[in-house]
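**Student:** coords please:
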Amino acid sequence: MNCKLRIADCGKAIIIALAVVTAVGFSGTAHAMLTAKANHDHITIDFFYHGSTVGVKGISDAGRDLVIKITSPEGHQVLKKKGKVGGVLWMNVGMLKFENTPNFYEVFSTKKVDEILEATERERHTIGYAALAKHVEIDPVANAEEKAQWFNEFVKFKESANLYKSDFGKIELTDLPDGHQEYFIQTQWPYQAAPGDYTVSVYAVKGGKVVEQAESHVKVEQIGMVKTLAGMAKDSAAIYGFLSIGVALSAGFGVGLVFRKGGGSH
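**Tutor:** Model (predicted):
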């Protein structure tokens with residue numbers, strides 16, 4: 001700023017500059033309306049646990065398509081590879097190693113993801129099975145065709161265990177008076193999902209691209225005796241084994257008493 005300006009003019013210039021900066025700052029964030037909140041975001045596993053439900057809701061700019069992705073952290077998984085031996089018997093013929101693979105993966109969208117998102121955007125955010133297939137590494141495979149074959153089998157296995165899902169048209173949208181829209185979806189949380197921290201990613205889509213992104217989280221943990229037994233199985237395998245045998249013997253003895261009291265020769 002020119003120091004030759006009078007003090008009063010200099011003060012006015014500073015105020016104007018601050019006003020401009022503030023206005024620009026607000027104008028740059030005013031459009032960022034996407035929010036995400038997972039209700040029932042803390043799931044506890046006890047002896048009576050048989051799964052749960054998780055809802056995801058929030059607000060976005062009106063007219064946006066939405067994608068909701070729920071995933072566990074990526075990791076390493078091994079599956080047994082089956083094949084025919086001698087052209088007759090189906091047997092385990094090896095192991096397949098899957099890297100960069102989430103154990104849990106669900107995607108919901110207002111429309112089919114390949115209709116609202118460009119391929120580069122789907123791959124960038126790992127949205128949809130096709131994008132996940134490119135992201136995952138499988139070993140050993142001889143070529144891309146074999147990789148695609150085993151990835152499809154992997155997805156079928158995960159879907160049968162209720163750990164993978166891809167669906168569209170189930171997100172409820174409600175227009176708001178202020179020109180925004182409210183979204184909501186509820187999904188069944190499978191009991192097969194392991195304890196851990198899960199990420200809920202919500203993407204607002206316009207013109208084939210992700211224009212906004214918001215996140216929430218779901219925590220699943222064991223409590224009480226289930227947590228104690230799981231810890232014992234991990235850290236004190238010998239004690240856990242003896243305890244399991246004792247419980248099995250006690251249960252067998254109890255069943256024997258029941259049949260002895262109510263049974264007899266007929």
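
**Student:** Now do the contacts for the residue positioned nearest the centre of the chain.
**Tutor:** Central residue of the chain (CA atoms, centre = their mean): T71, 1.8 Å from the mean position. When contacts are counted by CB atoms under 8 Å, 6 or more residues apart in numbering, T71 touches 102, 104-106, 198-199, 201. Backbone N, C-alpha and C define where each C-beta goes, glycine included.

**Student:** Then E182?
**Tutor:** 57-59, 173-174, 176.

**Student:** repeat that with 10 Å
**Tutor:** Going by CB atoms under 10 Å, 6 or more residues apart in numbering, E182 touches 35, 57-60, 172-176.

**Student:** Tell me the bridge partners for it.
**Tutor:** I59, T174 (DSSP bridges).

**Student:** Distance of it relative to F47?
**Tutor:** 37 Å (CB to CB, to the nearest Å).

**Student:** pretty sure K112 contacts S166?
**Tutor:** Yes - the criterion here is CB atoms under 10 Å, and K112 meets it with S166 at 9.5 Å.

**Student:** how far away is the closest residue to K206 other than its chain neighbours from D197?
**Tutor:** Spatial nearest neighbour of K206, chain neighbours left out: R64 (5.8 Å); criterion: CB to CB, 6 or more residues apart in numbering. Taking CB to CB as the measure, R64 falls 27 Å from D197.

**Student:** Show me where the stretch 151-266 of the chain has its strands.
**Tutor:** Read by DSSP state E, counting those that start in this stretch, the stretch 151-266 of the chain holds these strands, from start to end of the chain: 164-168, 172-175, 180-189, 196-206, 209-222.

**Student:** Determine which of these approaches E118 most closely.
**Tutor:** strand 209-222 (6.5 Å; CB to CB).

**Student:** Off-centre distance for that closest one?
**Tutor:** Distance of strand 209-222 from the chain centroid (CA atoms, centre = their mean, to the nearest Å) equals 8 Å.

**Student:** I'd like the contacts of T71 as a markdown table, with pLDDT, distance to N162 and neighbour count appended.
**Tutor:** Below are the contacts of T71 laid out as a markdown table (pLDDT from 0 to 100; distance: CB to CB, whole Å; neighbours: other CB atoms under 10 Å):
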| residue | pLDDT | distance to N162 | neighbour count |
| --- | --- | --- | --- |
| P102 | 97 | 14 | 23 |
| F104 | 98 | 9 | 23 |
| Y105 | 98 | 11 | 21 |
| E106 | 98 | 10 | 23 |
| Y198 | 98 | 14 | 24 |
| T199 | 98 | 19 | 15 |
| S201 | 98 | 20 | 20 |
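
**Student:** which two from these end up farthest apart in space?
**Tutor:** F104 and S201 (13.0 Å).

**Student:** Mind listing the shared neighbours of these two?
**Tutor:** 70-71.

**Student:** helices or strands next to the helix or strand hosting A131 in the packing?
**Tutor:** Using DSSP states H and E, A131 sits in helix 129-135. Applying 3 or more CB pairs under 10 Å, 6 or more residues apart in numbering; DSSP states H and E, we find helix 129-135 packed against strand 89-102, strand 105-109, helix 113-116, helix 119-125, helix 144-160, strand 164-168.

**Student:** which residues are in contact with that helix?
**Tutor:** The contact list for helix 129-135 (CB under 10 Å, 6+ apart) reads 71, 74, 99-102, 105, 107, 113-114, 117, 119-126, 144, 147-148, 150-152, 154-155, 159, 164, 166.
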